[in-house]
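**Q** Fold the following, please.
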Amino acid sequence: MKIVGTHCVALLALMALARTSAAAEPPVRQVLVLQSFDRGNLILDHFTTNLRVEVDQYVGGPTNFIQINVGPTGFVGAPEQSVVDFIRSNFANRPKPDLIVTIAGPAAVFARKYRQQLFPESPLLLASVDQRFLGDAPLADNDVAVAALHDFSGLVDDILQLRPQTRTIFMIVGSGVIGKFWRHRLEEQFSRFQPRLNFVWSDDLSFSEILRRCSTLPADSAIYYFTFGTDAAGAAYADERVIADLHATANAPLFAAHSVFLGRGIVGGRLMDIDEVGRRTSATAYKILSGTPPNELRAPPLLAGPPTFDWRELKRWSIAESHLPAGSTVVNRAPTLWSEHRNLLLAGTGALLIQALLIVGLLLERRARRRAEFESRRNLGLASDVSRRETMSALTSSIAHELAQPLSAMIHNTEALQLMIANKRATPDDIVEILSDIQAGGLLASEIIERHRSMLRSRQMLERPVDILTVVNDTLALVAHDMSARQVEVVTSLSQDSCVISGDAVLLEQVFVNLVMNAMDAMEETPLDRRRITIASEVKGADVAISVRDMGPGLSADLIEKLFTPFVTTKPQGLGIGLAIARTIVEAHGGRIDGRNHPEGGAVFTVTLKICRERAPEPVAAVALH
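**A** As a prediction, the model looks like this:
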């Protein structure tokens, strides 16, 4: 009993889950399509296919199409009431249709005749139907039509404009109900062309006889393809075969009034755009399925579009484009040499133009070279001498700039010692300390000269583990007197931990001395209370960044792009190689240097170097400065 109870609970759970899933899914829309013809009518086949696809896309959910042929080819010989009963029987075990769509005239007439028996509560959409089929009777409130109003006689006007010599038009209308319906109405429309034109009708001919007649038409003839379906012998033919055979055998140009025939052998003209009819019908169907009342969707019938012609047929029948109606469109043009090989022609023309310009340029360059040879030989010696003088002057100034700090310190220490001796206040310890400072300054000057000699000779530079923060402090000691003389305050924000790098302490001091001196020079016009240099260090992963910021006017936009270019300077007496040398030293240490304006004013230069995680034995491998 427990097992049976468990199974019942599981079954009830599954049933509840199924009901929940069914409730979550959107309902399947039921669309009844009443077709006028069986397959073979190219216009209606094209229209019906597009309609089903577009309605599915609009609705975005499942749609069930039930298509039944109610026209003359659907139930041959059957009473119309039996057709109505058959339709109703199809919905005996399924929901009533959410929408009824009729396609073409016969189905529209049938649906309106039996409207009260064909689900009067379901909206009715009369599609792809000529307005003449609807007659004068008004539509019911639950009905709407997407109708077309064909200008069949307007196509005859187009034929006469293209071929004014036309005297005979062979009309292909078929022998079925549609052919008979339209022949009477077409004869009424074409009456205005008599006696100029003679219309020959094919509804009493077999298909083979039609082909024979079309192959032997007089020279002043044209063929107007309206519809076919069946011939006088009762045989049914699809439009595609009829058009293809006519195009292959006829000795006169072929015309039709619908866009689906364009590209299949017709010349063209004022065509009804079947794709546009389909789009309007699909949009109307979607709105009805979404709940819009049909009587709110009524619109005037669609008219034929502007004249459109097939370029291949115009050429085949020697029809000049100058004869086309104003505003005509020509399709299927044969590709021209330009359209097929445009890129190749442009490339070839460009290559020839470039070659011609190169030849002209070479000739002008040869002439200019000969003219300049004499001037070049005369000025070569002078230019070389000036270049050597400028280079030596720049390097000498750089060395003097960097030696100024240790020499200045030695002089000040010497003067201090002399004063202390003169005032008899010099103790042995003071003398030893001052002499030690003088000795350190002399050693530093010697090392600077030696390092510059190494740089000039591209010799190897030994690297050792160096605490970069010690280098910064030593730099400040070197420039302390100059900073005091210029009344410049220095503010440091350095890490408490040592930041050991692999490098040359003397050359790195040169870099920071240059940056500090440039910072002081930049603040010559700065008020005394704002003359401040800020030096800060920041460890970023495996790098340490040391920044030097001044409170000067900052860097101009054009100067930022060439800060480290040799011989670029803003100082009246400067040569502009200090920053270039600083960058060379920093890059030789595997680092980088950059300069920019600080958001709060002034300029800031940052030197970024790699931190040594493990202290290397001394000495380590050397790098070269160039």
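
**Q** what comes up buried for the helix or strand hosting E276?
**A** E276 belongs to helix 274-289 when elements are defined using DSSP states H and E. Buried residues in helix 274-289, defined by neighbour count with 16 or more other CB atoms under 10 Å: 274, 277-278, 280-282, 284-289. (Glycine included, C-beta is placed from N, CA and C.)

**Q** Switch the residues you listed over to TSV; also include distance to L44 and pLDDT.
**A** TSV is the format used below for the buried residues of helix 274-289 (distance: CB to CB, whole Å; pLDDT from 0 to 100):
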residue	distance to L44	pLDDT
I274	9	89
V277	11	91
G278	11	89
R280	16	92
T281	12	92
S282	15	91
T284	17	92
A285	16	91
Y286	20	90
K287	23	92
I288	21	91
L289	22	90
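
**Q** where's the spatially most central residue of the chain relative to T534, distance?
**A** Centroid-nearest residue in the chain, with CA atoms, centre = their mean: N343, separated by 21.7 Å. From N343 across to T534, the span is 60 Å (CB to CB, to the nearest Å).

**Q** hang on, the residue nearest to the centre of the chain in a helix?
**A** Yes: remark: N343 belongs to a helix, assigned using DSSP: H, G, I helix; E, B strand; the rest coil.

**Q** Now for it: which residues touch it?
**A** Residues counted as contacts of N343 (CB atoms under 8 Å, 6 or more residues apart in numbering): none.

**Q** can you check I103 too?
**A** The neighbourhood of I103, defined by CB under 8 Å, 6+ apart, consists of 33-36, 44, 47-48, 51, 127-129.

**Q** for A603, same thing?
**A** A603 touches 519, 522, 549-550, 552, 554-555, 595-597, counting by CB under 8 Å, 6+ apart.

**Q** Domains of this protein: list them as residue ranges, please.
**A** 28-147, 152-337, 397-457, 460-624 (automatic domain parsing).

**Q** would CSV of these with distance to R367 be doable?
**A** Listed next are the domains of the chain as CSV, based on distance: least, CB to CB, whole Å:
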stretch, distance to R367
domain 28-147, 71
domain 152-337, 40
domain 397-457, 42
domain 460-624, 33
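
**Q** So for the strand or helix carrying H481, what gets flagged as buried?
**A** Remark: H481 resides in helix 468-485, with elements defined by DSSP H and E. For helix 468-485, a neighbour-count test (16+ other CB under 10 Å) marks 468-469, 471-472, 474-476, 478-479, 482-483 as buried.

**Q** coming back round to it: would you mind checking which of the domains of the chain scores lowest on average pLDDT?
**A** Note on the domains of the chain: domain 397-457 shows the lowest mean pLDDT, a mean of 78.

**Q** so which of the contacts of I103 would you say is closest to I354?
**A** Nearest to I354 among the contacts of I103 is F47, at 55.5 Å by CB to CB.

**Q** Give me the distance between the residue of the chain most remote from its centre and G179.
**A** Most distant from the centre of the chain: K424, at 86.6 Å, with distances by CA atoms, centre = their mean. Using CB to CB, one gets 141 Å for the distance from K424 to G179.

**Q** for T63, same thing?
**A** For T63 relative to G179 (CB to CB), the value is 34 Å.

**Q** Compare the two (neighbour count), which wins?
**A** G179 (23 against 18; other CB atoms under 10 Å).

**Q** Among the contacts of I103, which ones are in helices?
**A** Among those, the residues falling in helices (DSSP state H) are 44, 47-48, 51.

**Q** gap between the residue nearest to the centre of the chain and A356?
**A** From N343 to A356 the distance is 20 Å (CB to CB).

**Q** hang on, N332 packs against R312?
**A** Yes: at 5.5 Å, N332 counts as touching R312 under the criterion of CB atoms under 8 Å.

**Q** So what does the nearest residue to L211 once chain neighbours are set aside have for phi and psi?
**A** Once flanking residues are discounted, L211 sits nearest to T249: 5.2 Å by CB to CB, 6 or more residues apart in numbering. Backbone torsions of T249, given as degrees, to the nearest 10, read phi -110, psi -20.

**Q** T249: neighbouring residues, count only.
**A** 13.

**Q** Over to the one 10 residues further on?
**A** Per other CB under 10 Å, the neighbour tally for S259 reads 21.

**Q** my guess is it meets R270, correct?
**A** No: using CB under 8 Å, S259 makes no contact with R270, being 10.4 Å away.

**Q** N423 versus A304, what's the distance?
**A** Using CB to CB, A304 is found at 119 Å from N423.

**Q** Look at these two and report which has more neighbours.
**A** A304 (21 against 8).

**Q** Let me see the backbone angles for the residue nearest to that one when sequence neighbours are not counted.
**A** Take A304 and drop its neighbours on the chain: the residue closest to it by CB to CB, 6+ apart is R270, 4.4 Å away. Dihedral pair for R270: phi -80, psi 100, per degrees, to the nearest 10.

**Q** Pull the number of nearby residues for R270.
**A** Counted with other CB under 10 Å, residues neighbouring R270 total 23.

**Q** List the contacts of it.
**A** By CB under 8 Å, 6+ apart, the neighbours of R270 are 151, 154-155, 158, 257, 304-307.

**Q** and with 10 Å instead?
**A** Neighbouring residues of R270 by CB atoms under 10 Å, 6 or more residues apart in numbering: 150-158, 255, 257, 303-308, 325, 328.

**Q** swap in Q496?
**A** Counting by CB under 10 Å, 6+ apart, Q496 has contacts L469.

**Q** do you know how far it is from L469?
**A** 9 Å.

**Q** how about the helices in the stretch 151-300 of the chain?
**A** Under the criterion DSSP state H, counting those that start in this stretch, the stretch 151-300 of the chain contains helices at 152-162, 177-189, 207-214, 239-249, 274-289.

**Q** In a markdown table: those helices, plus distance to A404.
**A** Below are those laid out as a markdown table (distance: least, CB to CB, whole Å):
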| stretch | distance to A404 |
| --- | --- |
| helix 152-162 | 98 |
| helix 177-189 | 109 |
| helix 207-214 | 109 |
| helix 239-249 | 99 |
| helix 274-289 | 87 |
